[in-house]
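Undergrad: how would this look folded up:
(chains A and B)
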Amino acid sequence: MGRYVLRRLVALIPIWIGVSFIAFVMVHSIPGGPFDTGAIRSQQGTENLAHFYHLDKPLLEQYVLYIWQVLHGDLGQSMVNRGLTVNAVISGRLPTSAELGAAALVVALGVGIPAGVVASARRNRLLDHAMMLSATVGYAVPNFVFALLLILVFGLSLHWLPLGGWGHLNQVPLPALALGLPWAGLVARMTRASMLDVVHQDYIRTAYAKGAGPLTVLVRHAFRNALIPLSTLIAILAAEVITGSLIIENIFGIPGVGHYMVDSILGSDYSMTLGFIIFYATLIFVANFLVDLSYGWIDPRIRHE
Amino acid sequence: MSSGHTTVEAEAHAVVDDDPEGAAASLDRRRSPARAAWRRFARHRLALISLFVFVGIVVIAVFAPLVSGASPTAMTSSPLAPPSSAHLMGTDSLGRDLWARVASGARISLEVGFVSQLIAVAIGVTVGAFAGFYRGFVESILMRLTDIMLSLPSLLFALLLLALLGASVRVVVLALGLSMWPVVARIERGQILQVMNKEYVEAAYASGCSNLRVLRHHLLPNTLGPVAVQATFGVSQAIFAEAFLAFLGLGAQPPTPSWGRLLTEGYEYIRTSPHLIVFPGIAISLTLLAINFIGDGLRDALDPHQT
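TA: Okay, here's the model as predicted:
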């Protein structure tokens, strides 16, 4: 297992370097320097600023310096708001985003997995068709349209829940549903397909043959094995919850990382934008790495490939 | 999936059949892979209905100003009017006819969806085909590049490119095309690897075809089914991404009536004029739903092994 972990890690590192390089080069080719703001400044002052941010060095050297800094845990600082660092914004706002993301995952898995299991048990009956139809609808409707409809129905018409904000428990359901429900549809479809794959296996017949009841077979034998392909979903969901949070945090006025990142893009704060993108890319890498590990752990054949 | 494959299957059936006349008839009925694929598609009733809905949306998009009878940017009436016989979907905060704006929004969405996927398919098929065909060094370089692009979420890539080139629909199309090809490349490579072992490829080489001819005339046509399925879902992902970016103010700029922009503009008046978000919301949801169902049907029709 140790060698397998190492091999996966070694395979991922060049990709992380590639992603960070592309992002770095793109941000640094943005036309106009960060200090062309029209502020009156001496020639020397401008040069000092450029020197401070390493902008007077060749691009490749800047990249190496930046990555060195990132590896020491420093994602850089704002070129617009003096003294503000990406680290400070992330450490202040990540807990909020993580709470929202976790709540959305609970919705996605909590609704999707049971729906998929029930649909597979009632295969090709009315309930199955109805559930798969709503799963596709849920998956097709964009999360921001969901968010607006939820606000309209539960906030403005029924007055059950607040329209936005964060910090109170009753502010959680609407954004969590908006972010999680579309993915519940995908989870339901994958769970159903995975369950249908499993129920034709020999060990399911064996379980019935030795006299286990339908519910026992479903839960103890089929469901546990059907979960294996679902672990891929965790990596997909991690990426989707991150990009989804950009828009959901904006709609509901939630002070998370996604909200701030959109503001920094709109405010042309490129060094901040770069820091956030490197941060998100790294999070997605960690998710992918964990999925690789779970494969190796679940299925020993993969370890020895 | 592949014409060669289907014919072999049909012949296998013919051999099993005892009655020679019936065999000939069944061979004839099964001869056209396109017809067989259409039958599999039409069996998927929701896909068929969605196809009609989608054609309707395309017609609306193409003839947008004629269908709606009003300009999407002209201020024709009192602002924030609710739906009426004069304005089917009401008017927005500047008195512009919402139905006209939703209809020309369809034009933008479909354009983004199709053009970005054309770019993605063109790059993806080329990269994937070469990687699968030449193996070795070429393959490892191309597939590393694919892996790198694949792990940068396409929305983040689009955000970067929009910051770089300025916010406009054209940049959105370019960004989505440039970020969505890796999925296509992976599928195409896998397909090439599968098809390369088929007898008809060997036969093509035996009859003296060059590498490039085998690739173009024998391999590529037989790998495009799953690519078409992926591109269909890609169209809906691209339409979603365009609306997402426009909603955040990072894509289409006013007064362009992108569905995402209509939703942002409507969001400001959500308390008094919910029709401003309901109609664009329905438009984008219906379009994405139709494309997804068509994609499901296409998968059954062109890529039977997947289901």
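Undergrad: which one is whichever residue of the stretch 1-150 of chain A sits closest to chain B nearest to, not counting chain neighbours?
TA: Proximity to chain B, evaluated over the stretch 1-150 of chain A using Cβ to the nearest Cβ, is greatest for residue A:18 at 3.6 Å. All C-beta spots, glycine's among them, are computed from the backbone N, C-alpha and C. Nearest residue to residue A:18 in three dimensions, chain neighbours excluded: residue B:148, at 3.6 Å (Cβ to Cβ, 6 or more residues apart in numbering or on different chains).
Undergrad: and the helices in the stretch 51-200 of chain B?
TA: Ranges of helices within the stretch 51-200 of chain B are B:64-68, B:98-134, B:136-150, B:154-165, B:169-195, B:199-206, based on DSSP state H, counting those that start in this stretch.
Undergrad: just put the ones you listed in TSV and tack on distance to residue A:166, mean neighbour count and mean pLDDT.
TA: Below are these laid out as TSV (distance: least, Cβ to Cβ, whole Å; neighbours: other Cβ atoms under 10 Å in any protein chain shown; pLDDT from 0 to 100):
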stretch	distance to residue A:166	mean neighbour count	mean pLDDT
helix B:64-68	40	16	72
helix B:98-134	32	23	91
helix B:136-150	33	16	86
helix B:154-165	22	22	82
helix B:169-195	30	23	91
helix B:199-206	59	14	88
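Undergrad: those helices into CSV, with extra columns for distance to residue A:24?
TA: CSV is the format used below for those (distance: least, Cβ to Cβ, whole Å):
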stretch, distance to residue A:24
helix B:64-68, 41
helix B:98-134, 22
helix B:136-150, 13
helix B:154-165, 10
helix B:169-195, 17
helix B:199-206, 43
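Undergrad: residue contacts, the residue nearest to residue A:18?
TA: The neighbourhood of residue B:148, defined by Cβ atoms under 8 Å, 6 or more residues apart in numbering or on different chains, consists of A:15, A:18, A:19, A:22.
Undergrad: repeat that for 6 Å
TA: Going by Cβ atoms under 6 Å, 6 or more residues apart in numbering or on different chains, residue B:148 touches A:15, A:18, A:19.
Undergrad: kindly reformat those residues as a markdown table containing secondary structure and neighbour count.
TA: Shown next, in a markdown table, are those (DSSP: H, G, I helix; E, B strand; the rest coil; neighbours: other Cβ atoms under 10 Å in any protein chain shown):
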| residue | secondary structure | neighbour count |
| --- | --- | --- |
| A:15 | helix | 20 |
| A:18 | helix | 17 |
| A:19 | helix | 24 |
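Undergrad: of the helices of the stretch 51-200 of chain B, which is nearest residue A:27?
TA: With Cβ to Cβ, the closest approach to residue A:27 among the helices of the stretch 51-200 of chain B belongs to helix B:154-165: 6.8 Å.
Undergrad: in JSON lines: the contacts of residue B:148, plus pLDDT.
TA: Formatted as JSON lines, the contacts of residue B:148 follow (pLDDT from 0 to 100):
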{"residue": "A:15", "pLDDT": "84"}
{"residue": "A:18", "pLDDT": "87"}
{"residue": "A:19", "pLDDT": "86"}
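Undergrad: tell me the residue of chain B that sits nearest chain A?
TA: residue B:148 (3.6 Å).
Undergrad: now do whatever helix or strand residue A:95 lives in: which elements does it pack against?
TA: Using DSSP states H and E, residue A:95 sits within helix A:86-121. Applying 3 or more Cβ pairs under 6 Å, 6 or more residues apart in numbering or on different chains; DSSP states H and E, we find helix A:86-121 packed against helix A:126-140, helix A:173-198, helix A:224-251, helix A:257-266.
Undergrad: what angle do the second one and helix A:86-121 make?
TA: Going by axes from the mean of the first three to the mean of the last three Cα atoms, to 10 degrees, helix A:173-198 is angled at 50 degrees with respect to helix A:86-121.
Undergrad: tell me the angle helix A:173-198 makes with helix A:126-140.
TA: Here helix A:173-198 runs at an angle of 130 degrees relative to helix A:126-140 (the same axes, to 10 degrees).
Undergrad: would you mind listing the buried residues in helix A:173-198?
TA: Neighbour counts over helix A:173-198 (16 or more other Cβ atoms under 10 Å in any protein chain shown) mark A:173-196, A:198 as buried.
Undergrad: and these near chain B, which?
TA: Subset of these in contact with chain B: empty, counting by Cβ under 6 Å from any Cβ of the partner chain.
Undergrad: surely residue B:262 is in contact with residue B:282?
TA: No: the criterion here is Cβ atoms under 6 Å, and residue B:262 misses it with residue B:282 at 11.3 Å.
Undergrad: and residue A:301, how far is that from chain B?
TA: 20 Å (Cβ to the nearest Cβ, to the nearest Å).
Undergrad: against residue A:204, how distant is that residue?
TA: 20 Å (Cβ to Cβ, to the nearest Å).
Undergrad: comparing those two, which residue is more hemmed in?
TA: Of the pair residue A:301 and residue A:204, residue A:204 is the one with more neighbours under other Cβ atoms under 10 Å in any protein chain shown, namely 17 against 8.
Undergrad: quick one: contacts for the residue in the stretch 151-300 of chain A positioned nearest to chain B?
TA: Proximity of the stretch 151-300 of chain A to chain B (Cβ to the nearest Cβ) peaks at residue A:243, 4.5 Å away. By Cβ under 6 Å, 6+ apart, the contact set of residue A:243 is B:153, B:155.
Undergrad: ditto for residue A:211
TA: Taking Cβ under 6 Å, 6+ apart as the definition, residue A:211 has no contacts.
Undergrad: same check, this time on the one 10 residues further on
TA: With contact taken as Cβ under 6 Å, 6+ apart, residue A:221 is in contact with A:204, A:207.
Undergrad: next, the distance between the ends of stretch A:47-65.
TA: With Cα to Cα, to the nearest Å as the measure, stretch A:47-65 spans 18 Å from end to end.
Undergrad: how distant is it from the center of its chain?
TA: For stretch A:47-65, the separation from the chain centroid amounts to 32 Å (computed by Cα atoms, centre = their mean, to the nearest Å).
Undergrad: again, but for stretch A:9-24
TA: For stretch A:9-24 - counting by Cα atoms, centre = their mean - the centre lies 18 Å from the chain centre.
Undergrad: which bits of the stretch 51-200 of chain B sit near chain A?
TA: Looking at chain A, the residues of the stretch 51-200 of chain B close enough under Cβ under 6 Å from any Cβ are B:147, B:148, B:151, B:152, B:153, B:155, B:156, B:159, B:160, B:163, B:164.
Undergrad: could you measure from the residue nearest to residue A:175 when sequence neighbours are not counted over to residue B:123?
TA: In this structure, residue A:175 finds its nearest non-sequential neighbour in residue A:252, 4.6 Å apart by Cβ to Cβ, 6+ apart. Distance, residue A:252 to residue B:123, using Cβ to Cβ: 37 Å.
Undergrad: again, but for residue A:168
TA: The separation that residue A:168 has from residue B:123, given Cβ to Cβ, amounts to 48 Å.
Undergrad: same thing with residue B:231?
TA: To residue B:123, residue B:231 is 12 Å away according to Cβ to Cβ.
Undergrad: can you check residue A:255 too?
TA: Residue A:255 is 39 Å from residue B:123, by Cβ to Cβ.
Undergrad: and for residue A:217?
TA: Taking Cβ to Cβ, one finds residue A:217 at 47 Å from residue B:123.
Undergrad: what's around residue 210, how many residues?
TA: I went with chain A, as the question did not name one. Residue A:210: 7 neighbours (other Cβ under 10 Å).
Undergrad: can you look at chain B instead?
TA: So residue B:210, with other Cβ under 10 Å, has 10 neighbours.
Undergrad: if anything else comes up later, I'll come back, but that's it for now.
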